[in-house]
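K.L.:
Sharing a model prediction with you, sequence too.
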Amino acid sequence: MAVHWRSLPGLKLALAVFLFLVPIADLQAGPELVTAEPARQRARLTGYTRARSVLDIATENSGKVETVDAEIGQPIGNNNRFACLDRTFIDLDIESNRAEIARSHIEIEYYSKQVERHRELVRQASSSEQKLDEYQRDLGTRQQQLRILQLRDRTLNERRERFCIYAPAGWIVMERYIEPGEWVRIGDSVARVGNFMQLLVPFALSMTEYKALQAAGENLALELPDLNTRTAARLERVSPGFDEKSRKILVDLQIEGGQILARGGIRADLVLDLPVASGTVIVPETAVEQRYEQYWLERPDGERIPVVYLGPASSIEPGQPKVRVFHSSISSGQKFVVHDR
């Protein structure tokens, strides 16, 4: 005698428990998929360090060089002084002018007393107002002469100060054109100094390289093979123009980290990851199926694509190994099936 399944309450209970414990998604799960990543190639660009700024120093006076305080390769001291000219004659001019100032004070004192005395005499009708006017005029003239002499004293002292030639403290002398005892004229260039406290490295980049540089952001670094070290860097400035010969963008990177030798001409390598031509992608090794001597990728719809195996892909991220493959019909962002191994 046959028993209908609806009459078995235990069977219905077991079926309900099974449907509750097993997710619908698992019953309908398809193959595991991965997304192809863009392949990149490593480009190494070479530049050389240079001073952030360079100044040509010139003299504002003519005269004989008396002292030179810094040699080539030495920094400018905290007093900012590079050299001084002989100041004998400017000192004599200052001394003469101050003697004139002292005489003016004596004359002003004399005429001030004369004005007060004749003002009293005029009140007593013992002197004419014309005489009083003459003394007041002479007093005003001496006071005006004193102001002119005082202004000349300030001018001479400022000029004397400029008989010394100054440069920014800490900057290093790159070239020196004078020696003690040499005669220089107004406007003569006496030295060239550079700010090596901050080092720049210039590069000429294509648009693709410039975009890769921007993408590096705060992780930007330079390799210094001559010093066997690596240092942080940042994008300091970008020229709005371009190099007419190479048609490239001119940029300056500033070295940020570490104690780097303060000099120009140190080799600095900039390493950038650039996208390669379309058709080359990076996928997990498990997505590539090898049969005989041919490699294949499989799309979610089952289409199998023969690819050229280009080798392992270097990656600093932990996880399963990845490889580089090529086919003209594939691109980054496409999905492929993972195969069990």
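P.N.:
Looks like it arrived, so ask away.
K.L.:
Contacts for stretch 321-339, please.
P.N.:
31-39, 278-289, 295, 297-300, 305-313, 315 (C-beta atoms under 8 Å, 6 or more residues apart in numbering). Heads up, the C-betas are built off the backbone N, CA and C, glycines and all.
K.L.:
Now the buried members of these.
P.N.:
If you count burial by 16 or more other C-beta atoms under 10 Å, the buried members of the contacts of stretch 321-339 come out as 34, 36-37, 39, 280-284, 286-289, 295, 297-298, 305, 307, 310, 313.
K.L.:
now for the helix or strand encompassing Trp296, which elements pack on it?
P.N.:
Assigned by DSSP states H and E, Trp296 belongs to strand 294-298. On a contact count with 3 or more C-beta pairs under 8 Å, 6 or more residues apart in numbering; DSSP states H and E, strand 294-298 meets strand 289-291, strand 304-312, strand 335-337.
K.L.:
Number of residues surrounding Glu109?
P.N.:
Neighbours of Glu109 under the rule other C-beta atoms under 10 Å: 12.
K.L.:
Report the central residue of this protein.
P.N.:
Glu236 (3.2 Å; C-alpha atoms, centre = their mean).
K.L.:
Work out for me the element it sits within.
P.N.:
strand 229-238.
K.L.:
Pull up the pairing partners for the helix or strand that that strand is followed by, direction included.
P.N.:
Downstream of strand 229-238, the first helix or strand assigned by DSSP H and E is strand 249-255. Each strand paired with strand 249-255, and its direction, by DSSP bridges: strand 199-205 (antiparallel), strand 229-238 (antiparallel).
K.L.:
could those strands go into TSV alongside distance to Thr49?
P.N.:
As requested, these are exported to TSV (distance: least, C-beta to C-beta, whole Å):
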stretch	distance to Thr49
strand 199-205	5
strand 229-238	10
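K.L.:
of all the ones you listed, which lies closest to Met174?
P.N.:
Proximity of the strands paired with strand 249-255 to Met174 was assessed by C-beta to C-beta; the nearest stretch is strand 199-205, lying at 13.7 Å.
K.L.:
what packs against the helix or strand that comes right after that closest one?
P.N.:
As assigned by DSSP H and E, the chain's next helix or strand after strand 199-205 is helix 207-216. Contacts defined by 3+ C-beta pairs under 8 Å, 6+ apart place helix 207-216 against strand 40-48, strand 229-238, strand 249-255, strand 267-275.
K.L.:
Quick check: which helices or strands does the one helix or strand Arg117 maps to pack against?
P.N.:
Using DSSP H and E, Arg117 falls within helix 88-123. With contacts taken as 3+ C-beta pairs under 8 Å, 6+ apart, helix 88-123 sits against helix 129-161.
K.L.:
Buried residues of the helix or strand that the helix it packs on is followed by, list them for me.
P.N.:
Going down the chain from helix 129-161, the next helix or strand is strand 164-166, by DSSP H and E. If you call a residue buried by 16+ other C-beta under 10 Å, then strand 164-166 has these buried ones: 164-165.
K.L.:
Over to stretch 204-219?
P.N.:
Buried, per 16+ other C-beta under 10 Å, within stretch 204-219: 204-205, 209-210, 212-213.
K.L.:
Next: stretch 106-116.
P.N.:
Within stretch 106-116, the residues that count as buried by 16+ other C-beta under 10 Å are 107-108, 111, 114-115.
K.L.:
could you point out where the stretch 101-250 of the chain is predicted with low confidence?
P.N.:
Residue ranges of the stretch 101-250 of the chain with pLDDT under 70: 126-127.
K.L.:
Give me the number of neighbouring residues for Leu45.
P.N.:
Here the number of neighbours of Leu45 (other C-beta under 10 Å) works out to 16.
K.L.:
For the nearest residue to it once chain neighbours are set aside, give me its contacts.
P.N.:
Spatial nearest neighbour of Leu45, chain neighbours left out: Leu270 (4.5 Å); criterion: C-beta to C-beta, 6 or more residues apart in numbering. By C-beta under 8 Å, 6+ apart, the residues touching Leu270 are 44-47, 201, 203, 213, 222-223, 253.
K.L.:
10 Å instead?
P.N.:
43-47, 201, 203, 205, 209, 212-213, 216, 220-223, 233, 251, 253 (C-beta atoms under 10 Å, 6 or more residues apart in numbering).
K.L.:
just Ile186 next, same as before
P.N.:
Ile186 is in contact with 58-63, counting by C-beta under 10 Å, 6+ apart.
K.L.:
which one among the residues you listed gets closest to Tyr135?
P.N.:
Asn61 (42.3 Å).
K.L.:
what about the closest one, distance to Ala167?
P.N.:
Asn61 is 16 Å from Ala167, where distance means C-beta to C-beta, to the nearest Å.
K.L.:
Can you say which of the strands paired with strand 249-255 is packed in most?
P.N.:
Looking across those with neighbours counted as mean count of other C-beta atoms under 10 Å, the highest average goes to strand 199-205: a mean of 21.
K.L.:
Now do that strand against helix 207-216, angle only.
P.N.:
140 degrees (axes from the mean of the first three to the mean of the last three C-alpha atoms, to 10 degrees).
K.L.:
centre of the chain versus strand 199-205, how much separation?
P.N.:
Mean-position distance between strand 199-205 and its chain equals 10 Å (C-alpha atoms, centre = their mean, to the nearest Å).
K.L.:
Sweet, I'm off.
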